[in-house]
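Undergrad: below is the sequence, then the predicted model.
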Amino acid sequence: MLSGRVGFKRWVSMLVLAGAGMAAVSAQAEVQIKGAGASFPSHVYERWTKRFAEMNPGVTVRYVPTGSGDGIKQIKARSVQLGGTDNPLTPQQLAEHKLVQIPMLVGGLVPVVNVQGIGPNQLVLSGEVLADIMQGQIQQWDDPRIAALNPGLRLPAQAITRIVRDDASGSTEVWTRYLGMSSARFATAVPASQKPAWPGSTLAAKGNDGVAALLKETAGGLSYVSFDRVQKDRLSSVKLRTSGGFVVAASEEAFRAAILASDLYKKGDDGAGLLSQPRADAWPLTATSYVLLDAAPKDMNATDWVARFVYWCFMHGDELTRGTGFAPLPERVQARLSGRLLQIHGPAGQVPRFATP
């Protein structure tokens, strides 16, 4: 009798392979898989691609974190086989461009600051106050509205410098969507977008890593990065006060709480948002990252390996995900999503051949 995680994984493997009617594949020649897009999950993808290549000699998977906007653009143009995005496409967009969309993992976007005397998780902000900061309505760190959320914390009379992404960014769309949910005034002034027009003067940098580097150099700075960058670069993260009045710190556990409260988990809705879930321990800025795949590929040899890589990430990637600042999807969600690979059909109607050792 099968038991625990191993048993579940084997059961999923048999179920999906029975649907595919296929056996394991092996690389007969050099295979190169190209991916590009969201920088939000890129450090996890780096771990996954490295381990997958080690286990499959002759296969190279290269993912370049160019931003969600570029990832969508490149997969539409078929210049890559994997397009990464933090913003799901609609069913209509997927059908129009003949794409399959698969959620891969979940992480958190975190407000970060560079304010003298303020360390990690010492400062508390709310979505509404953050919205007014990003609109330029609150311009000083000792503003009474910030002080009211932080009794006993010494706030300097220092100007706030907003640091934003210079590229079309899924993280920025998540950020602006959250702020718009928190403030109707912000939603009107700055609609959710991968590259919005920010009011007033801001500093900008490309990618999560570029933003983190610029924040370190900017006294009084405030920005937003993925949680793994907070850990890696030892940035001063901000706690968030939720609409329910709870104060939450970013953590892998808080991201998992957001998943369990969401329709992604409860109803199987792949496009369901994870922002501001109604759970006391859920991080309000939790987001899903997706990959986009060609639903009607011409080269089925390469597609077999693209599908095998994605499937391997579900079957074997969880342990590589833990401790990275991201949370793997629940197993029952992974089981359902593995079957999504069978929506890919080659020129003769064939589905990808994939399996795991």
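TA: Yep, that arrived. Numbers count the residues shown, from 1 in each chain.

Undergrad: would you agree residue 288 is in contact with residue 102?
TA: No: judged on Cβ atoms under 8 Å, residue 288 makes no contact with residue 102 at a distance of 10.3 Å. (C-beta placed from N, C-alpha, C; glycine too.)

Undergrad: the two: which is more packed in?
TA: residue 288 (27 against 19; other Cβ atoms under 10 Å).

Undergrad: got phi/psi on residue 175?
TA: phi -60, psi -50 (degrees, to the nearest 10).

Undergrad: how near is it to residue 169?
TA: Here the distance between residue 175 and residue 169 works out to 8 Å (Cβ to Cβ, to the nearest Å).

Undergrad: one more: residue 339?
TA: Counting by Cβ to Cβ, the gap from residue 339 to residue 169 is 30 Å.

Undergrad: let's verify the nearest residue to residue 300 once chain neighbours are set aside: helix, strand, or coil?
TA: Computed as Cβ to Cβ, 6 or more residues apart in numbering, the closest residue to residue 300 that is not its neighbour in sequence is residue 346, at 4.2 Å. Under DSSP: H, G, I helix; E, B strand; the rest coil, residue 346 falls in the coil class.

Undergrad: for the remainder of this discussion, apply numbering that starts at 59.
TA: Happy to do that; since the first residue is 59 now, the last one works out to residue 404.

Undergrad: just the pLDDT for residue 404.
TA: You'll see residue 404 listed with a pLDDT of 96.

Undergrad: so what's residue 388 up against?
TA: 317-318, 323 (Cβ atoms under 8 Å, 6 or more residues apart in numbering).

Undergrad: who wins on neighbours among those?
TA: That'd be residue 317 among the contacts of residue 388, by other Cβ under 10 Å, with 22 neighbours.

Undergrad: quick revisit: of residue 397 and residue 227, which one has the most company?
TA: Taking other Cβ under 10 Å, residue 397 and residue 227 do not tie; residue 227 has more neighbours (30 against 13).

Undergrad: in the stretch 309-415 of the chain, which spans are helices?
TA: Secondary structure of the stretch 309-415 of the chain (DSSP state H, counting those that start in this stretch): helices located at 310-319, 321-324, 358-374, 376-379, 389-396.

Undergrad: and these as CSV, adding mean pLDDT?
TA: Formatted as CSV, the helices of the stretch 309-415 of the chain follow (pLDDT from 0 to 100):
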stretch, mean pLDDT
helix 310-319, 96
helix 321-324, 93
helix 358-374, 93
helix 376-379, 90
helix 389-396, 87
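
Undergrad: please identify the most buried of those.
TA: Of these, the one with the most neighbours on average (mean count of other Cβ atoms under 10 Å) is helix 358-374, at a mean of 22.

Undergrad: quick one, it and helix 389-396 angle?
TA: 170 degrees (axes from the mean of the first three to the mean of the last three Cα atoms, to 10 degrees).

Undergrad: and helix 358-374, what does it pack onto?
TA: helix 62-78, strand 89-95, helix 100-113, strand 140-143, strand 157-172, strand 344-352, helix 389-396 (3 or more Cβ pairs under 8 Å, 6 or more residues apart in numbering; DSSP states H and E).

Undergrad: and those as TSV, adding distance to residue 205?
TA: Listed next are the helices and strands packed on helix 358-374 as TSV, based on distance: least, Cβ to Cβ, whole Å:
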stretch	distance to residue 205
helix 62-78	48
strand 89-95	40
helix 100-113	35
strand 140-143	38
strand 157-172	15
strand 344-352	28
helix 389-396	42
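
Undergrad: next, the distance between the ends of stretch 293-303.
TA: One end of stretch 293-303 to the other measures 25 Å (Cα to Cα, to the nearest Å).

Undergrad: mind checking the SS state of residue 119?
TA: Applying three-state DSSP: residue 119 is strand.

Undergrad: surely residue 225 meets residue 267?
TA: No: between residue 225 and residue 267 there is no contact under Cβ under 8 Å: 11.7 Å.

Undergrad: for residue 208, what are its contacts?
TA: 181-182.

Undergrad: where does the prediction get shaky in this protein?
TA: 59-87, 413-415 (pLDDT under 70).

Undergrad: domain ranges for it, per the record?
TA: 62-164+348-401, 166-324 (automatic domain parsing).

Undergrad: distance to residue 331 added to the ones you listed, as JSON lines?
TA: Compiled in JSON lines, the domains of the chain are given as follows (distance: least, Cβ to Cβ, whole Å):
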{"stretch": "domain 62-164+348-401", "distance to residue 331": "9"}
{"stretch": "domain 166-324", "distance to residue 331": "7"}
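
Undergrad: quick one: stretch 95-106 to chain centroid distance?
TA: 9 Å (Cα atoms, centre = their mean, to the nearest Å).

Undergrad: kindly report the same for stretch 184-202.
TA: 25 Å.
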